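Engineer: Next come a sequence and a model predicted from it.
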Number of protein chains: 2
Amino acid sequence: MATARIPEATVARLPVYLRSLTELAADGQATTSSDILAERAGVNAAKVRKDLSYLGTHGTRGVGYDVRHLVFEVSRALGVANTWPVIVCGLGNLGRALANHTGFTERGFPVVAAIDVDAELVGTTIDGVAVHSPDKLAEVVAAEGVAIGVIATPAAAAQETADLLVAAGIRSILDFSPTVVSVPPDVEVRAVDLSTELQILGFHLQRDLPPEVNL
Amino acid sequence: MATARIPEATVARLPVYLRSLTELAADGQATTSSDILAERAGVNAAKVRKDLSYLGTHGTRGVGYDVRHLVFEVSRALGVANTWPVIVCGLGNLGRALANHTGFTERGFPVVAAIDVDAELVGTTIDGVAVHSPDKLAEVVAAEGVAIGVIATPAAAAQETADLLVAAGIRSILDFSPTVVSVPPDVEVRAVDLSTELQILGFHLQRDLPPEVNL
């Protein structure tokens, strides 16, 4: 399996390339260059060429990369051709925003169900997503073929939710809670920190301040 | 200004280091190693040592890095000692989730105001955040000293919102909308794609499928 040998840092950049390529395709661009992709991804062009070479894709000198072909190759590497049903755990504002985020379905991650502890929500449908009680999680995961669990609960409920997901057979978890959950070694957890990008903006804002408040 | 010379890729990793260091401090760890930080940040230990050397920080052989000192140094480099008031534009589910995300305030990004086109919301306070009409944006930005604008509107309203923010004097924008906004060259926009991490999970899920469906 060629995909097994793609370095993690490259894997992390593939969604960024795919987003740029999709935009270029939408703009009617037939070809692109490693320079253009590099600028959008915030790396240098040599890194882009190296990353894409792992997919067996090489640009043509003087022409660049074929955008549609590259969309296909990066999508294939990312498994976008596959569909990974998602369950959202916790239907506060963030959970609801995630449950009706159209970008997930478009990229092969349809939200097929949700769980919440609120008895008034259980049994209802929110934005087309059926809401279940946490004690039905294993049943729902099996019935809907859920592949990924998204934790959008308050921090205090995150570990318990992770434990429920693991007990239900989930091996891939996306954690939006502002905490760190413990899981067995065969379970992959990726944490999303919504303030990371704000901190990068803050770094640049600080750079524009008078020198005495800088490093 | 030493900060001006820190490479962008390093800047992007500083929030990840800061999060790991904060967790280590909370766990009572007095020292840590580049290996531990590398594992958490998904890079190699040499990269961590290089990144931290830009801050003028070097570990002690056989001891590692002092966690509390490193929290201080990374925070200082990121300008966490400064406070950058934030305005949230668009109070749908995502906007509300962002407006009451406690992690923002803790990291120096208090949400001081919001705007929304919904006349029923304007004039109210949601989770302690006053909601204003978009035509009051410049006034609010000046009165509250807003440094960063967060776009949490539907895609169709994102460009108009970006134009309003720029006209109000905002030079740093965080864009959660599933689109790309155009701004003048002196304005920095960082886009957050909520499905990036799902795609990385999808990559790993795919790797576990039988070989015939892989690359």
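Structural biologist: Okay, I see it.

Engineer: For A:V150, give its distance to A:V117.
Structural biologist: Separation of A:V150 from A:V117 (Cβ to Cβ, to the nearest Å) stands at 16 Å. C-beta coordinates here come from the backbone N, C-alpha and C atoms, glycine included.

Engineer: more crowded one of the two?
Structural biologist: A side-by-side neighbour count of A:V150 and A:V117, using other Cβ atoms under 10 Å in any protein chain shown, places A:V150 first with 30 against 16.

Engineer: wait, the more buried one sits on A:P85?
Structural biologist: No. Here A:V150 does not reach A:P85: they are 11.2 Å apart, not a contact under Cβ atoms under 8 Å.

Engineer: Common neighbours of the two, please.
Structural biologist: With contacts defined as Cβ atoms under 8 Å, 6 or more residues apart in numbering or on different chains, the residues adjacent to both A:V150 and A:P85 are A:V111.

Engineer: So which other helices or strands are in contact with the helix or strand that contains A:D163?
Structural biologist: Here A:D163 sits within helix A:155-167, counting by DSSP states H and E. With contacts taken as 3 or more Cβ pairs under 8 Å, 6 or more residues apart in numbering or on different chains; DSSP states H and E, helix A:155-167 sits against strand A:86-89, helix A:137-144, strand A:148-151, strand A:172-175.

Engineer: Give me the helices and strands touching the last one, please.
Structural biologist: Identification of packing neighbours for strand A:172-175 by 3+ Cβ pairs under 8 Å, 6+ apart yields strand A:148-151, helix A:155-167, strand A:188-191, helix B:196-207.

Engineer: please redo it, this time with the cut-off set to 6 Å
Structural biologist: strand A:148-151, strand A:188-191, helix B:196-207 (3 or more Cβ pairs under 6 Å, 6 or more residues apart in numbering or on different chains; DSSP states H and E).

Engineer: quick one: is the last one near chain A?
Structural biologist: The reference is to helix B:196-207. Yes. Counting by Cβ under 6 Å from any Cβ of the partner chain, chain A has neighbours in helix B:196-207: B:196-207.

Engineer: which two from those residues end up farthest apart in space?
Structural biologist: Greatest spatial distance among those (Cβ to Cβ): B:T196 and B:R207, at 17.5 Å.

Engineer: ok, residues contacting the longest helix belonging to chain A?
Structural biologist: What stands out as the longest helix in chain A, according to DSSP state H, is helix A:8-26. Residues from elsewhere that reach helix A:8-26 (Cβ atoms under 6 Å, 6 or more residues apart in numbering or on different chains): A:32, A:37, A:40-41, A:51, A:54, A:67, A:70-71, A:74, A:78, B:42, B:180, B:193, B:196, B:199-200, B:203.

Engineer: Which members of these occur in strands, if any?
Structural biologist: In strands, defined here by DSSP state E, the members of the contacts of helix A:8-26 are A:T32.

Engineer: rewinding a little: now tabulate the helices and strands packed on helix A:155-167 in CSV and tack on mean pLDDT and distance to B:H132.
Structural biologist: Shown next, in CSV, are these (pLDDT from 0 to 100; distance: least, Cβ to Cβ, whole Å):
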stretch, mean pLDDT, distance to B:H132
strand A:86-89, 97, 31
helix A:137-144, 95, 41
strand A:148-151, 96, 32
strand A:172-175, 95, 33
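
Engineer: Turn those into a markdown table, columns for distance to A:E160.
Structural biologist: Output for the helices and strands packed on helix A:155-167, formatted as a markdown table (distance: least, Cβ to Cβ, whole Å):
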| stretch | distance to A:E160 |
| --- | --- |
| strand A:86-89 | 10 |
| helix A:137-144 | 11 |
| strand A:148-151 | 10 |
| strand A:172-175 | 13 |
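
Engineer: domain assignment for chain A?
Structural biologist: By the assignment in automatic domain parsing, chain A contains the domains A:2-78, A:86-196.

Engineer: Okay, now the unreliable bits of chain A?
Structural biologist: Applying pLDDT under 70 to chain A flags the ranges A:1-4, A:81, A:208-215.

Engineer: switch the cut-off to 80
Structural biologist: Applying pLDDT under 80 to chain A flags residues A:1-5, A:40-42, A:79-81, A:102-103, A:178-179, A:206-215.

Engineer: got the end-to-end distance for stretch A:60-74?
Structural biologist: 17 Å (Cα to Cα, to the nearest Å).

Engineer: Identify all contacting residues around that stretch.
Structural biologist: With Cβ under 6 Å, 6+ apart, stretch A:60-74 has contacts from A:14, A:17-18, A:21, A:24-25, A:29-33, A:55, A:57, A:59.

Engineer: Only the buried residues of it, if you could.
Structural biologist: Within stretch A:60-74, the residues scored as buried using 16 or more other Cβ atoms under 10 Å in any protein chain shown are A:64-67, A:70-71, A:73-74.

Engineer: Same check on stretch A:12-23?
Structural biologist: For stretch A:12-23, by 16+ other Cβ under 10 Å, it's A:12-22.

Engineer: Restricting to C-alpha, output that stretch in PDB.
Structural biologist: Listed next in PDB are the C-alpha coordinates belonging to stretch A:12-23 (Å, rounded to 0.1, in the frame of the first residue of the first chain):
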ATOM      1  CA  ALA A  12      -1.400  16.900   7.200                       C
ATOM      2  CA  ARG A  13      -0.800  19.100   4.200                       C
ATOM      3  CA  LEU A  14      -2.900  17.100   1.700                       C
ATOM      4  CA  PRO A  15      -6.200  18.600   2.900                       C
ATOM      5  CA  VAL A  16      -4.600  22.100   2.400                       C
ATOM      6  CA  TYR A  17      -3.500  21.200  -1.100                       C
ATOM      7  CA  LEU A  18      -6.900  19.700  -1.900                       C
ATOM      8  CA  ARG A  19      -8.700  22.800  -0.700                       C
ATOM      9  CA  SER A  20      -6.400  25.000  -2.900                       C
ATOM     10  CA  LEU A  21      -6.800  22.700  -5.900                       C
ATOM     11  CA  THR A  22     -10.600  22.700  -5.600                       C
ATOM     12  CA  GLU A  23     -10.600  26.500  -5.500                       C
END
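
Engineer: Tell me how far it lies from the chain's centre.
Structural biologist: Chain-centre distance of stretch A:12-23: 12 Å, with Cα atoms, centre = their mean, to the nearest Å.

Engineer: ditto for stretch A:90-102
Structural biologist: That offset, for stretch A:90-102, works out to 14 Å (Cα atoms, centre = their mean).
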